[in-house]
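1. Return a 3D structure for these sequence lines:
(one chain, ligands or ions: 1)
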Amino acid sequence: MSLVSSPSTVTATPLLGASLDELTNWVQEQGQPRYRGKQLYEWIYDKGAKSLEEITVFSKQWRETLQETPIGRSQIHYRSVASDKTVKYLLKLADGQIVETVGIPSSDRLTVCVSSQIGCPMACDFCATGKGGFQRNLAAHEIVDQVLTVQEDFKRRVSHIVFMGMGEPLLNTDNVLKALKCVNQDVGIGQRSMTVSTVGIPGKILKLAKHKLQVTLAVSLHAPNDKLRQQLIPSADRYPISDLLSECKEYVNQTGRRVTFEYVLLDRVNDYAQQAFELASLLRGFQSHVNLIPYNPIADADYQRPSPQRVKAFADTLRDRNITASIRYSRGLEADAACGQLRANQPGEVIRRDGESESKNANPVESINPSSVKLAQNTKPSKPKLRTNSLPE
Ligand code: SF4
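-> Residues are numbered from 1 along each chain as shown. As a prediction, the model looks like this:
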């Protein structure tokens, strides 16, 4: 059976991520009748079975022969809840690695911010994940698992998915595409409710465009010119903004979907009026939307969040030039679950925003009452700003 890819340390192929047809073929390969495939599918995607042992409609005798076949679900290793009810999870994978995912509820939607890699090699200067280095790509089932875990924990359907957790999705395109397909067809979330976020990898947006998906492409721009962008995103030195925008235009042509540009606002680094003019001129005539994200502080970066006045002024400058723009304050700040704050902590360790670590080894995280979990507090000491630009106001 060739269902989904697995990390090299896991030998048996997990069943999660497989379609109904693939599972039906698999049960038949095991000498079982076809209808067992439908049962298996329902137990994996609707009932949230974590192991084949739980699937009591299967005979005990058959289940005993399948003990080495994993479904591919993770364990919740740690869970923290912010006052806005955003929940950050550290999920323990089969090889012991930890990945982070975030559930963001509102009255009419439940959004999961999923990770595509453990850590991230892109090393963006303002990002906690980038500071933590890179471990490995996630397999497709490890991405799907994040969605099911949040759905089960919240006891309500996930409505939206954003690939804005740990990692650069387009460095793991094949597994991300498999996961998108599974989440769409097997978990039942519409493509238009999914967003893939990227800083841009040469050629990969074109590759994504060829699949003609209806997902939203969110491109992390963060600067209106190459010089500043390369300071914030070191890997951008191999991918000038002109090339990036040309691939984005092709994405719009191929899919008919507008592109969203993400712009993290860093106080007195990229939030000057002159930079708003530059950004407006860069995007003039482009079928796009700009999301302005006031920076979420992390312990080991010297950037600051701009004042609400500066944020509004930047947005107004864009809108005055007919660039549609929204201001997005990230949720989950207290739980370090906000945009740019996810980090591959070691198992049993939670990095607080003041840079200290809290050992959780003494308490198995699965047994912690969420309401009693001590949340990371906004204790970031003020540091002198090191990376401000000296543009005129
Ligand atoms: S912002 Fe995204 S691409 Fe950049 S280091 Fe962080 S996770 Fe990676």
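2. for the closest residue to the ligand within the stretch 51-200 of the chain, what are its contacts?
-> In the stretch 51-200 of the chain, no residue comes nearer to the ligand than Gly130, which is 2.7 Å away by Cβ to the nearest ligand atom. Every C-beta, even on glycine, is put in place using the N, C-alpha and C of the backbone. For Gly130, the contact set (Cβ atoms under 8 Å, 6 or more residues apart in numbering) comprises Cys120, Met122, Ala123, Cys124.
3. likewise Asn172?
-> Counted by Cβ under 8 Å, 6+ apart, Asn172 has contacts Ser116, Gln117, Asn137, Leu138.
4. same question, Phe154
-> Val87, Gly103, Pro105, Leu110.
5. Next: Ile44.
-> Contacts of Ile44 (Cβ under 8 Å, 6+ apart): Leu15, Leu16, Leu23, Ile71.
6. Just the residues contacting the helix or strand harbouring the third one, thanks.
-> Translated: Leu23. For Leu23, the host element (DSSP states H and E) is helix 20-29. With contact meaning Cβ under 8 Å, 6+ apart, helix 20-29 is reached by 1, 3, 15, 18, 33-34, 36-38, 40-41, 44, 186.
7. rewinding a little: what's the most distant pair in the contacts of Asn172?
-> Pairwise distances across the contacts of Asn172 (Cβ to Cβ) peak at 7.4 Å, for the pair Ser116 and Asn137.
8. So if I had to pick from those two, which one is more boxed in?
-> Using other Cβ atoms under 10 Å as the criterion, Ser116 and Asn137 rank with Ser116 on top: 28 against 22.
9. Pull the distance from stretch 220-230 to the chain's centre.
-> 21 Å (Cα atoms, centre = their mean, to the nearest Å).
10. Give me the buried stretch members for that stretch, please.
-> Within stretch 220-230, the residues that qualify as buried are Ser220, Leu221, His222, Ala223, Pro224, Leu228, Arg229, Gln230, counting by 16 or more other Cβ atoms under 10 Å.
11. Just name the closest of those residues to the ligand, please.
-> For those, the nearest to the ligand is Ser220 (6.3 Å; Cβ to the nearest ligand atom).
12. Look up which helix or strand the residue of the stretch 51-200 of the chain closest to the ligand falls in, please.
-> Here Gly130 is assigned to helix 128-131, by DSSP H and E.
13. Following the chain past that helix, name the next helix or strand.
-> Following helix 128-131 in sequence, per DSSP H and E, is strand 134-137.
14. Excluding chain neighbours, what is closest to Asp186?
-> Tyr45 (5.2 Å; Cβ to Cβ, 6 or more residues apart in numbering).
15. for Asn225, same thing?
-> Glu278 (6.2 Å).
16. I'd assumed that neighbour was in a helix, is it?
-> Yes. Counting by DSSP: H, G, I helix; E, B strand; the rest coil, Glu278 is part of a helix.
17. And the pLDDT for it?
-> Per-residue confidence (pLDDT) for Glu278: 98.
18. surely it meets Leu228?
-> No. The criterion here is Cβ atoms under 8 Å, and Glu278 misses it with Leu228 at 9.4 Å.
19. What about the residue nearest to Asn225, how many residues nearby?
-> Glu278: 16 neighbours (other Cβ under 10 Å).
20. Could you do the one 10 residues further on as well?
-> As a burial measure, Ser288 scores 21 neighbours (other Cβ under 10 Å).
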